[in-house]
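Engineer: Structure of the sequence below:
(one chain, ligands or ions: 1)
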Amino acid sequence: MKFPIEKFQELRTPFYYYDTTLLDETLKAVKDNMQPNWHMHYAVKANTNPKILSHIVAAGFGADCVSGGEIQACLDAGFPAEKIVFAGVGKSDWEIELALLTNIFCFNVESIPELEVINELAQKHGKVARIAFRINPNVGAHTHENITTGRAENKFGIAWEDALDVIQRSQQMGHVECVGLHFHIGSQITEMDDFATLALRINELQEILDTYGIRLPNVNVGGGLGIDYETPDQNPVPNFKAYFDTFRRYLQLHKGQQLHFELGRSLVAQCGSLIGKVLYVKKGSLRTFAILDAGMTELIRPALYNAHHAVENITPHDGESVYDVVGPICESSDVFAKGVKLATTIRGDLMAIRSAGAYGEIMASQYNSRKLPEGYTSEELCCQQ
Ligand SMILES: *Cc1c(COP(=O)(O)O)cnc(C)c1O
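Structural biologist: The predicted structure follows:
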């Protein structure tokens, strides 16, 4: 990736930089691989920066929200309410009411008590809520254990064995209408076999429901497609074709059934980098540390999930050396990379922490009373005088 380093010199570090040309290419690659009865709802929790949202709205995608705040942010950004779905194990009453009053497309319901509350609140407002049940397919995804969601022991969704019962129960209620099935097995999944397994489980369930005369108009397979954190420049656009082909090949839809997706990370991760400045190069007895002004407060993924991000010194230099790249926060886990070979580094250099467009800026905190980072796009930096 090329960075406008001259422009960066004028900006207060640390900040997020988004290459919107790459973002648009990525969104186009998604669209080019989709079919007419398929619908993409961007999982907004990956990045809610309004500058990013405007590109996703322009691509014609809907949104997958997990809170009332996200629903509001999406409406403000111009997402049509009828393309918004609302997931989450713990929806508050005000969030359910916001979703009802703005007429979103569908609630993805995760428990019977939640179903009852939605039915009650819909009745109070004279509405009928469209719902889908999030069914836990008990599929283990090959990813970090903190980001699998589709196994029986996870807190998410309704147990596989209870699917028929909850659908039939909802059909007895006056203010909910069950319009689909919803699934989401985890995040940063790079083995297409996991999605194939999910598709086959969905077929199984649909067959059982069929014998009870239950045919729902929508199937939502969630998100979770992973990206290449190791070598982002080799795979700047994820392999959407392989992902979508897996569902084309294995998932059997009824005639007229609509298929929904909720990709988050794979749409926005590669276009974003966290840019930090080198404050000090400190030679310890065993290692050399490059200490940045960016840390876990701006990008918590390494500290939270042991996640790997490629790190680059983007200030041109001759020579190379090995560094531990660390942040300034008073936590031992505030480390971006250990023992990485980088261009010879000095105070004042700019470093890019790559593939940080998803679960980066949105997870920033003010721990240590730090300022939240700004986010700049390539398009705005290139047009500034
Ligand atoms: C987080 C989430 C997604 C998106 O996951 P990615 O790995 O970012 O694609 C989709 N659906 C639900 C319900 C989620 O919670």
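Engineer: Every contact and neighbour count from this point should use C-alpha atoms.
Structural biologist: OK.
Engineer: closest point of the stretch 51-200 of the chain to the ligand, which residue?
Structural biologist: Residue nearest to the ligand within the stretch 51-200 of the chain: residue 187 (3.5 Å; CA to the nearest ligand atom).
Engineer: So the nearest residue to that residue once chain neighbours are set aside versus residue 253, what's the distance?
Structural biologist: Computed as CA to CA, 6 or more residues apart in numbering, the closest residue to residue 187 that is not its neighbour in sequence is residue 224, at 3.9 Å. Separation of residue 224 from residue 253 (CA to CA, to the nearest Å) stands at 20 Å.
Engineer: of the two, who's got more company?
Structural biologist: residue 224 (26 against 18; other CA atoms under 10 Å).
Engineer: On the pLDDT front, check the more buried one for me.
Structural biologist: Residue 224 is assigned 97 on the pLDDT scale.
Engineer: Next up, identify which helix or strand residue 372 is on.
Structural biologist: For residue 372, there is no host helix or strand (DSSP states H and E).
Engineer: Show the contacting residues for it.
Structural biologist: Residues in contact with residue 372 (CA atoms under 8 Å, 6 or more residues apart in numbering) are 298, 364, 365, 366.
Engineer: just the buried members of the residues you listed?
Structural biologist: 298, 364, 365 (16 or more other CA atoms under 10 Å).
Engineer: So which of those sit within helices?
Structural biologist: With DSSP state H as the criterion, helices contain none of the buried ones among the contacts of residue 372.
Engineer: what ranges do the strands span in the stretch 251-385 of the chain?
Structural biologist: 258-261, 272-283, 288-292, 311-313, 320-326, 335-343, 350-353, 374-377 (DSSP state E, counting those that start in this stretch).
Engineer: what's residue 75 in contact with, if anything?
Structural biologist: So residue 75 contacts residue 81 (CA under 8 Å, 6+ apart).
Engineer: Please tell me how far the residue sitting nearest the centre point of the chain sits from residue 72.
Structural biologist: Nearest residue to the geometric centre of the chain (CA atoms, centre = their mean): residue 264, 2.9 Å. To residue 72, residue 264 is 18 Å away according to CA to CA.
Engineer: Also residue 212?
Structural biologist: 38 Å.
Engineer: So which of the two has more stuff around it?
Structural biologist: Neighbours per residue, other CA under 10 Å: of residue 212 and residue 72, the larger number sits with residue 72, 17 against 11.
Engineer: From the buried ones among the contacts of residue 372, pick the one nearest the ligand.
Structural biologist: Nearest member of those to the ligand, counting by CA to the nearest ligand atom, is residue 364, at 16.5 Å.
Engineer: contacting residues for the closest one?
Structural biologist: By CA under 8 Å, 6+ apart, the residues touching residue 364 are 296, 297, 298, 299, 300, 372, 373.
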